[in-house]
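Engineer: One predicted model, sequence on top.
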Amino acid sequence: MNLSEIFFQAISLVGGLSFFLYGMHIMGEGLTKISGGRLERILERLTDSRLKAVLLGAGITAVIQSSSATTVTVVGFVNSGIMKLGQAVGVIMGANIGTTMTSWLLSLTGIESQNFFIRLLKPSSFTPVLALVGIILIMRAGQDKRRDVGAIFIGFSVLMFGMETMSGAVKPLAEVPEFTGMLTMFSNPILGMLAGALLTAIIQSSSASIGILQALCATGSVTYATAIPIIMGQNIGTCVTAILSSVGAGKNAKRAALVHLYFNVIGTFVFILAFYGLNMILHFAFMEVPANAAGIAVIHSLFNIGATILLLPFANGLERLATLTVQESEEEKLSEFARLDVRFLETPALALEQCRHSVNEMARLTQENVTTALESVLDFHRNKRKQVKETEEKINRYEQELTEYLHKISMQNLLPENSDDCNMLLYCIRDFERMSDHACNIADESAKIAKSGAIWPKKTRKELKVYTAEIQNIVSVTVDAFVQRDTDSARAIDSMEERIDELNKKVKKQNLKRAKKEKCSPEIGIFMNELSVNFERVADHCDNIAISMLGQIDNEDGEEEV
């Protein structure tokens, strides 16, 4: 083979690798979208059963075809306090098992047979059909979910085309002594591990690096002696993604990333020592046999399953090792906004779910603030006003953090229902914050009333008690409806707001009559008017929240009808 032929084969190899990586990206993105964050929400509700955690991690990784995505999500959960470090250990181990599914899919390219039914299993036979179905779904489907299924088919077809292209490009290299000589260098366990780790760290995907190794098997020059240490190194290199994602995160997130690293490093060295120790005694004959794609998948699976079986009983030890590595002098405090982790933006549905939890917290704080302010009207105490002010500052921070995070989510590629949910949350955040502002106004008016020493007429005081009770009720119903996503309660808020409007008119009218008849002091009339304005505004914002909730439900129903 001359130099020009080698050059063109190299171009073909790079092109095949590009198709392979792009196909993997498109397929993974489609799988993530079609899951709608449901898989991650299952992880969020994970029980304390370590075996279940392993199975869950394996299953989710097999579905989304990315152990890196699973481990990065787990790091985010640990960072935000949703998942404990002990729970994360099992999921991380399971993710390593789940990633072996990709190598088995890629091994289908090595099928060689003249039997019609067996040939149908070869990707070059069925991926053109998948690609055709995929493009029809993308171009003709009216629903996003069908387009996502089409993207998965297209991604898989492109991935397999890239794999076939890489295999075809490297086959002639078997005749190049320099190339085969270079491959034999990696039969040295240390050099092979370094090469595998470096390649995987660069492309940040163990599935992709396994695919490249399987493609190289087409040359017939990759023996098992060469492949085994490279596979071991690939398992170490895949930890880079999780470690990078933990940079700037909390200490528990760093520990989760280290658990992933320690699991793979310890598992690799135990396997290497045991395997090569036995090889020195037994001299395995298969070591010099050329590896094939299926053989690579077998080794990859045996290692990851074996490492999990070996280290699962020592999961607590891995957790302690990570804790000893990343120590803290005092208990680390978790931020209220730890849920709003940038790692979740890769899965907008999951990011919205975490955002929803924080908005629920904001809603409860708002309810608490309005209640405290209303209590201070007839029973003023300086501490209550101080409490209202402090809670208001906290609610302002919620508005700032949540609005910023939701804007980041809105810049992602959202499904229509996710976009509606994002807009609804933005509207409701603004209304909750404004309700808290009015709570501050009510507390300020209460302070003025207490300072003035004005005496409330009995009837005015009685009306005020009824009025404050109505406001407390509508706020309570609104917050409960929002947190529980109760549309029936949300529909009842409009009539409650109308009743408050009528009550407001009645109170103002009675207050004006008393002022004219001089049955109450003028300043009481002014105070009562100011309180009524803020009461009415609070009810208006409750109605706005109900409208936002019901508007989103109407949009979802309309989309389903289409």
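Structural biologist: Nice, thanks for sending it over.
Engineer: Quick check: pLDDT value at residue 515.
Structural biologist: You'll see residue 515 listed with a pLDDT of 59.
Engineer: which residues are in contact with stretch 466-482?
Structural biologist: 359-360, 363-364, 366-367, 370-371, 374, 377-378, 428, 435, 486-487, 489-490, 492-493, 496-497, 499-500, 503-504, 507, 532, 535, 538-539, 542, 545-546, 549 (Cβ atoms under 8 Å, 6 or more residues apart in numbering). Backbone N, C-alpha and C define where each C-beta goes, glycine included.
Engineer: 6 Å instead, please
Structural biologist: The contact list for stretch 466-482 (Cβ atoms under 6 Å, 6 or more residues apart in numbering) reads 363, 367, 370-371, 374, 489-490, 493, 496, 500, 507, 535, 538-539, 542, 545.
Engineer: what's the answer for stretch 91-101, then?
Structural biologist: Identification of contacts with stretch 91-101 by Cβ under 6 Å, 6+ apart yields 53-54, 57-58, 61-62, 67, 70-71, 74, 206-207, 259-260, 300-301, 304-305, 308.
Engineer: try 8 Å
Structural biologist: 43, 46, 53-63, 65-67, 70-71, 74, 83, 206-207, 235, 238, 256, 259-260, 263-264, 297, 300-301, 304-305, 307-308, 311-312, 315.
Engineer: Check stretch 385-392 too.
Structural biologist: Against stretch 385-392 from outside (Cβ under 8 Å, 6+ apart): 365, 368-369, 372-373, 376, 436-437, 439-440, 443-444, 446-447.
Engineer: Those in helices, which ones?
Structural biologist: Using DSSP state H, the subset of these located in helices is 365, 368-369, 372-373, 376, 436-437, 439-440, 443-444, 446-447.
Engineer: re the thing from before, which of the contacts of stretch 385-392 ranks first by neighbour count?
Structural biologist: Ranked by neighbour count (other Cβ atoms under 10 Å), the contacts of stretch 385-392 have residue 373 at the top, with 30 neighbours.
Engineer: Was I right to think it contacts residue 442?
Structural biologist: Yes. Taking Cβ atoms under 8 Å as the definition, residue 373 is a contact partner of residue 442 at 4.1 Å.
Engineer: Test my guess that residue 185 contacts residue 191.
Structural biologist: Yes. At 5.7 Å, residue 185 counts as touching residue 191 under the criterion of Cβ under 8 Å.
Engineer: Please say which of these two ends up with more neighbours.
Structural biologist: Neighbours were counted for residue 185 and for residue 191 using other Cβ under 10 Å; residue 191 has more, 15 against 11.
Engineer: helix or strand for the more buried one, which one?
Structural biologist: Using DSSP states H and E, residue 191 sits within helix 189-203.
Engineer: Next one, pLDDT for the most centrally placed residue in the chain please.
Structural biologist: Central residue of the chain (Cα atoms, centre = their mean): residue 344, 3.3 Å from the mean position. Predicted confidence (pLDDT) for residue 344: 84.
Engineer: Look at it and tell me its secondary structure.
Structural biologist: Under DSSP: H, G, I helix; E, B strand; the rest coil, residue 344 falls in the helix class.
Engineer: which residues sit in contact with it?
Structural biologist: Residue 344 makes contact with 40, 73, 76, 350-351, 354, according to Cβ under 8 Å, 6+ apart.
Engineer: can you count the residues close to residue 189?
Structural biologist: Residue 189 has 18 nearby residues by other Cβ under 10 Å.
Engineer: ignore the last one, residue 356
Structural biologist: For residue 356, the neighbour count with other Cβ under 10 Å is 18.
Engineer: about what we covered before: now render the contacts of stretch 385-392 as TSV, adding pLDDT and distance to residue 458.
Structural biologist: Compiled in TSV, the contacts of stretch 385-392 are given as follows (pLDDT from 0 to 100; distance: Cβ to Cβ, whole Å):
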residue	pLDDT	distance to residue 458
365	95	34
368	95	30
369	94	29
372	92	25
373	91	23
376	85	20
436	94	31
437	94	31
439	94	26
440	93	28
443	90	24
444	90	25
446	84	19
447	85	23
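Engineer: Adding distance to residue 91 as columns, could you present those in JSON lines?
Structural biologist: Shown next, in JSON lines, are the contacts of stretch 385-392 (distance: Cβ to Cβ, whole Å):
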{"residue": "365", "distance to residue 91": "32"}
{"residue": "368", "distance to residue 91": "35"}
{"residue": "369", "distance to residue 91": "38"}
{"residue": "372", "distance to residue 91": "41"}
{"residue": "373", "distance to residue 91": "44"}
{"residue": "376", "distance to residue 91": "48"}
{"residue": "436", "distance to residue 91": "38"}
{"residue": "437", "distance to residue 91": "42"}
{"residue": "439", "distance to residue 91": "42"}
{"residue": "440", "distance to residue 91": "44"}
{"residue": "443", "distance to residue 91": "46"}
{"residue": "444", "distance to residue 91": "50"}
{"residue": "446", "distance to residue 91": "51"}
{"residue": "447", "distance to residue 91": "52"}
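Engineer: From those, pick the one nearest residue 408.
Structural biologist: Within these, proximity to residue 408 (Cβ to Cβ) peaks at residue 365, which comes in at 22.5 Å.
Engineer: hmm, back to that, would you mind checking the contacts of stretch 91-101 for buried ones?
Structural biologist: 43, 46, 53-63, 65-67, 70-71, 74, 83, 206-207, 235, 238, 256, 259-260, 263-264, 297, 300-301, 304, 307-308, 311-312, 315 (16 or more other Cβ atoms under 10 Å).
Engineer: In CSV, list the C-alpha atoms belonging to the helix holding residue 191.
Structural biologist: Extracted C-alpha coordinates of helix 189-203, given in CSV (Å, rounded to 0.1, in the frame of the first residue of the first chain):
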residue,chain,number,x,y,z
PRO,A,189,-0.7,-3.8,29.6
ILE,A,190,0.5,-0.4,30.8
LEU,A,191,0.7,1.2,27.3
GLY,A,192,-2.6,-0.4,26.3
MET,A,193,-4.4,1.0,29.4
LEU,A,194,-2.9,4.5,28.8
ALA,A,195,-3.9,4.4,25.2
GLY,A,196,-7.5,3.4,26.0
ALA,A,197,-7.8,5.9,28.9
LEU,A,198,-6.4,8.7,26.7
LEU,A,199,-8.7,8.0,23.7
THR,A,200,-11.8,7.8,25.9
ALA,A,201,-10.9,10.9,27.9
ILE,A,202,-10.5,12.9,24.6
ILE,A,203,-13.8,11.9,23.0
